[in-house]
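Novice: Fold the following and give me the result.
(chains A and B)
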Amino acid sequence: MSSPPADDIAVQAEHVSKTFRLPREQVSTLKERVLHPTRGQRTEALLALQDVSFEVARGEVFGIVGRNGSGKSTLMKCLAGIYRADAGEMWLRGRMAPFIELGVGFNPDLTAHDNVLINAVMLGLTPDQARERYGSIMDFAELHEFAELKLKNYSSGMQVRLAFSVMVHVDAELLLIDEVLAVGDAAFQQKCYDVLDRARSEGKTILLVTHDMEQVQRFCDRALLLDRGRVVAVGHSRSVARQYTQLNFAAPDERESLVRAAALAARNDDVVVIIDAWAQSEAAGRTTVLEPAEASGMATRVRFVSPAADPVFVFSITDEHQRRIMSMSTERQGFSTGSHAADDEVDVAVGFVNHLSPGRYWLSVHVSEPAGGELLAFREDVYSFLVSGTGWGSVAVDLPHGFLLTPAPTMNEVAGER
Amino acid sequence: MSADAYRVQGPSALGAGDRRRLWNLTRTLAATDWKVRFYGSTLGYVWSLLRPLMLFGIVYFVFSEVLKAGAGIDHYGVILLLAMILYFFFSEVTGAGVTSMVDRESLLRKVGFPRAVVPLSVALVAAMNLALNLVVLAIFVLASGVEPRWTWLLLPIPFLLMLVFATGVAMLLSALYVRYRDVRPIWEVILQALFYATPILYPIEAVVAQSQTLAKIALLNPIATLVQESRHLLTGAPSPAVVLESDALLLVPLAILVGATWLGVRVFERMAPLAAEEL
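Specialist: Coordinates of the predicted model:
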């Protein structure tokens, strides 16, 4: 039993597991139960969620991503109180509204007016609140003139608009959204984005299940990647989106190792913890903007949890297209990092003259045992910085260079040299 | 000003802790069902009174004028209608209740709400129907010249007991039906059997005339007891205790009523939270 989460946490899941028992043979008639009372229902256990833990801060937009059948929707339904988790605990803070599907409770034989009231009450409003907000719901949906039309006479686009409008007016502090935004045309999607942006600016907490990595990178502060019910990664949406893409396009045998590597990275570091990492320049110190050709550097602060001898530090820089531009390793440079006792805290920095071309870059930091030993700590895309200048993004590096123009040698000179 | 954190418990069966939402949803769903029922007809809600008025008129005419059934029994036609109204109430709640959870699958799988809303809204719709039928019955009562008696004030008691019993059975059946789909045909047969086992078309006096023991057995069925008690309160027909020749024996149907309702609630509590997964 755990205690409620800290004040700034809106969602906390701890070791949540959910198993579905799928009958191998459909034994659902009483006769079979009566005829074979001792034969237990043979079932196949489907581990939909295994030991899932994460936290979402208040006001955060948190993505939940994963392939089909990875457990995203099951997790959502557990949080929404539709399924009961088998193990673990979940805590929520603030009024929650689930949007597993648009237009829950819509009845085609009733008018838009009646349907709005039903849907709003299903989503958690009281009937009085629903009646109060009816006007502004119809305004937002721009369907006032069709209020008394039966829903079955609505086009599907109009139905979606109506349902979405209700959703917007159910003012919960915590929104659980399950791929609702995948429907509708481009204009509708834009409207969804605007609403999400507004909800975010109002400080609402949003959990968003999606397949769309662009959406994740655009809207989510952080994200959770699930694979076959297990948490593969929790972190910055960009890095999670990349891991998702890797996982998605990896061959089946590669996938296992990717999942393991990610699980290692996500696990609580027991040797060394990367506390911080940043970019710096001689002129400005810690900075998010590096000038071209400036004496620059990357740095990280780590704490040793247990003693370590000569750990290897690697700084990698990737660009906007997720290409790795540069990798700087203490081991390759023959730089000895020395021995460290538990609770030592050190800063490690690497310096270089900045010849990166203008654009945005991300820094990742690895710490590992020497000579190809085990990975000790790994923070991907932990810091983002900008290289200023013109000629944005068209080339990878901007190495120092000089031009030379000389007359080409004549045929006679060439012949004379022979 | 931060809201309190609360633990997600999974779907609740009976809405513990949030009875207001249970009630709000129940009446919203019931109101929806009620609206859909006569939707598109010109007369609309008028039908909810007109239909029973005409149906009861036919029954009344056929049984007391054509067949001359129940000769020698005071106000046989009215008593017959009362029994039918009560029985059909029970049959409506339980019959529609059986499939209610499955019918509401789309809601159960998309929103977390107290699961009891589903059978309760079915019971509420049937109760509204019962209330209107009783209004129509009142017309027949007055028209056929039944003398008013003070026991009419007690009539809500058997009606309410019937509501409780029917709701309890509906909860039991709706939860079971999610997993065992044979419940529906079985229950249809049982409802048919109960209809004939209950003194509705035939008065209990006719059974007593044949065999006192048989009459006693018939009244151990809580539906029969409640019907007979209502007849007693309405027209002064013999009360169940008189037919049973013992007050103590009344405890048997009462125990069945309480036991079945309790069982229904308990089974529902256990099984309904899993309904979203099993549907």
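Novice: For the rest of this, base every contact and every neighbour count on C-alpha atoms.
Specialist: OK.
Novice: Which residues of chain B lie near chain A?
Specialist: Counting by CA under 8 Å from any CA of the partner chain, the residues of chain B close to chain A are B:2-11, B:21, B:24-25, B:28-29, B:32, B:35-36, B:39, B:106-113, B:179-182, B:273-274, B:276-277.
Novice: Where strands are concerned, which of these count?
Specialist: In this view, the residues of chain B next to chain A that belong to strands under DSSP state E are B:5-7.
Novice: A:Glu214: helix or strand, and which one exactly?
Specialist: Per DSSP states H and E, A:Glu214 falls inside helix A:213-219.
Novice: May I ask which of the ones in strands among the residues of chain B next to chain A has the most neighbours?
Specialist: Neighbour counts for these were taken using other CA atoms under 10 Å in any protein chain shown; the highest belongs to B:Ala5, with 21 neighbours.
Novice: Please name the nearest non-neighbouring residue to that one.
Specialist: Nearest non-adjacent residue to B:Ala5, counting by CA to CA, 6 or more residues apart in numbering or on different chains: A:Arg93, 4.2 Å away.
Novice: Distance check, that neighbour against B:Ala96.
Specialist: Using CA to CA, to the nearest Å, we find A:Arg93 at a distance of 38 Å from B:Ala96.
Novice: The two: which has the busier surroundings?
Specialist: A:Arg93 (24 against 19).
Novice: Surely the more buried one is in contact with B:Val8?
Specialist: No: taking CA atoms under 8 Å as the definition, A:Arg93 is not a contact partner of B:Val8, at 10.1 Å.
Novice: one step back: could you pull up the residues touching the residue nearest to B:Ala5?
Specialist: Residues in contact with A:Arg93 (CA atoms under 8 Å, 6 or more residues apart in numbering or on different chains) are A:9-11, A:174, B:3-6.
Novice: And those residues, which is closest to A:Thr288?
Specialist: Nearest to A:Thr288 among those is A:Ile9, at 28.0 Å by CA to CA.
Novice: burial count for the nearest residue to the closest one once chain neighbours are set aside?
Specialist: For A:Ile9, ignoring the flanking residues on the chain, the nearest one in space by CA to CA, 6+ apart is A:Ala57 at 4.3 Å. A:Ala57 has 17 neighbouring residues, counting by other CA under 10 Å.
Novice: before we move on, what about B:Leu120?
Specialist: When neighbours are defined as other CA under 10 Å, B:Leu120 has 25 of them.
Novice: Leaving out sequence neighbours, find the closest residue to it.
Specialist: Residue nearest to B:Leu120 in three dimensions, not counting chain neighbours: B:Thr26, with 6.3 Å by CA to CA, 6+ apart.
Novice: distance of the one you found from chain A?
Specialist: Distance of B:Thr26 to chain A, given as CA to the nearest CA, to the nearest Å: 10 Å.
Novice: and that residue, what pLDDT?
Specialist: Among the per-residue scores, B:Thr26 shows a pLDDT of 92.
Novice: Surely it is in contact with B:Phe113?
Specialist: No: contact criterion CA under 8 Å: B:Thr26 and B:Phe113 do not qualify, at 10.5 Å.
Novice: So between those two, which is more surrounded?
Specialist: Counted by other CA under 10 Å, B:Thr26 and B:Phe113 do not tie: B:Phe113 has more neighbours, with 27 against 23.
Novice: Now do the same contact list for the closest residue to that one other than its chain neighbours.
Specialist: Closest residue to B:Phe113 apart from its sequence neighbours, by CA to CA, 6+ apart: B:Pro11 at 6.4 Å. Residues in contact with B:Pro11 (CA under 8 Å, 6+ apart) are A:81-84, B:112-115, B:273-274.
Novice: go on, A:Asp109?
Specialist: Contacts for A:Asp109 (CA under 8 Å, 6+ apart) come out as A:150-152, B:36, B:39.
Novice: Now the buried members of the residues you listed.
Specialist: A:150-151 (16 or more other CA atoms under 10 Å in any protein chain shown).
Novice: Tell me the one of the contacts of A:Asp109 nearest A:Ala349?
Specialist: Closest approach to A:Ala349 among the contacts of A:Asp109 (CA to CA): A:Leu151, at 64.3 Å.
Novice: What ranges in the chain fall below the confidence cut-off?
Specialist: Answering for chain A, as no chain was given. Per-residue confidence for chain A (pLDDT under 70) gives these ranges: A:1-2, A:23-43, A:180-185, A:250-270, A:391-394, A:414-418.
Novice: Please refer instead to chain B.
Specialist: B:1-3, B:17, B:39-40, B:44, B:70.
Novice: what's the residue closest to the geometric middle of it?
Specialist: Residue closest to the average C-alpha location in chain B (CA atoms, centre = their mean): B:Phe90, at 2.6 Å.
Novice: Any figure for the gap between whatever residue of the stretch 151-300 of chain A ends up closest to chain B and B:Ala127?
Specialist: Proximity of the stretch 151-300 of chain A to chain B (CA to the nearest CA) peaks at A:Glu173, 9.7 Å away. Distance from A:Glu173 to B:Ala127, counting by CA to CA: 37 Å.
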